[in-house]
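Sequence and predicted structure below; questions after.
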Amino acid sequence: MIKGKHGGFTDLFIFLIISFVVVLISGIFIYIGIQTEDRLHETMDDMDLKDTMGNNASVVIDNTMGVLNATLDALHWITIFLIFGMVIGIFVGSYLVTTKPVFFIPYIFLVIIAIVVSVPIANTYEELLSDETLGSTYTAFTGANFFMLNLPIFITIIGFVGGIIMYTQMGKSEGGVNYGY
């Protein structure tokens, strides 16, 4: 028996916020890295700067910012793995929560509210994709784009599957109290 189990009811809202913020910040990091490297090349490539090994400014920029940008490219697939991991966490949390059947109705209302809240988040992300400045950066997030553009559908599925997992556990015995039949 696991003591102090919490979660289940607010997981969808936390998931909405964190998934949007993770994709947003990842895209901003990639955009800043690309812009920084481009500006450094524009301003420093023509300078006659050399380090102690004979590398000019262009080589130094490629060896520093170029490597950083190659590393930041991993955020394209890391974001979808983080989102997928949070979905699994919601399902595991729903399995571990033992609740009374009377809380099924409030849970349904919370899922409906989460679906309603996910619509403007998906619309905001769609506007972000069509932005001339950041749109090209976010189009490379293929998995996250699919997820974020279809966020209301995924929230519906995750919410109801999480509820099914949570409320099918009602029959199990918890510390001598049996909420089942």
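Everything's here; your move.

looking at it, W77 is touching I83, isn't it?
No. Between W77 and I83 there is no contact under C-beta atoms under 8 Å: 10.9 Å. Glycine gets a C-beta too; all of them are placed from N, C-alpha and C.

which of those two has more neighbours?
The neighbour comparison of W77 against I83 (other C-beta atoms under 10 Å) goes to I83, with 20 against 13.

Confirm that that one sits in a strand.
No. Using DSSP: H, G, I helix; E, B strand; the rest coil, the assignment for I83 is helix, not a strand.

Check whether it really touches F141, as I assumed.
No. If you go by C-beta under 8 Å, I83 and F141 don't touch, sitting 10.6 Å apart.

tell me the contacts of V117?
With contact taken as C-beta atoms under 8 Å, 6 or more residues apart in numbering, V117 is in contact with 13, 16.

no, scratch that, I was asking about I165
By C-beta under 8 Å, 6+ apart, I165 lies in contact with 91, 94-95.

Buried subset of the residues you listed, written for PyMOL?
Buried residues among those (16 or more other C-beta atoms under 10 Å), as a PyMOL selection:
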select buried, resi 91+94
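
Closest one to L12 out of the contacts of I165, please.
Taking C-beta to C-beta as the measure, L12 lies nearest S94 of the contacts of I165, at 10.3 Å.

where's the closest one relative to L75, distance?
28 Å (C-beta to C-beta, to the nearest Å).

Not counting stretch 79-90 itself, show me its contacts.
By C-beta under 8 Å, 6+ apart, stretch 79-90 touches 11-12, 15, 18-19, 22-23, 26, 141, 143-144, 147, 158, 162.

go again using 6 Å as the cut-off
With contact meaning C-beta atoms under 6 Å, 6 or more residues apart in numbering, stretch 79-90 is reached by 11, 15, 19, 22-23, 26, 143-144, 147, 158, 162.

Export the residues you listed as a markdown table, with columns for pLDDT, distance to H41 and secondary structure.
Conversion of these to a markdown table gives the following (pLDDT from 0 to 100; distance: C-beta to C-beta, whole Å; DSSP: H, G, I helix; E, B strand; the rest coil):
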| residue | pLDDT | distance to H41 | secondary structure |
| --- | --- | --- | --- |
| D11 | 86 | 45 | helix |
| F15 | 93 | 39 | helix |
| S19 | 95 | 34 | helix |
| V22 | 95 | 29 | helix |
| V23 | 95 | 28 | helix |
| S26 | 94 | 23 | helix |
| G143 | 93 | 30 | helix |
| A144 | 94 | 28 | helix |
| F147 | 95 | 34 | helix |
| I158 | 95 | 43 | helix |
| G162 | 90 | 48 | helix |
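
Restricted to buried residues, select those residues in PyMOL.
The buried residues among the contacts of stretch 79-90 can be selected in PyMOL (16+ other C-beta under 10 Å) with this line:
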select buried, resi 11+15+19+22+23+26+144+147+158+162
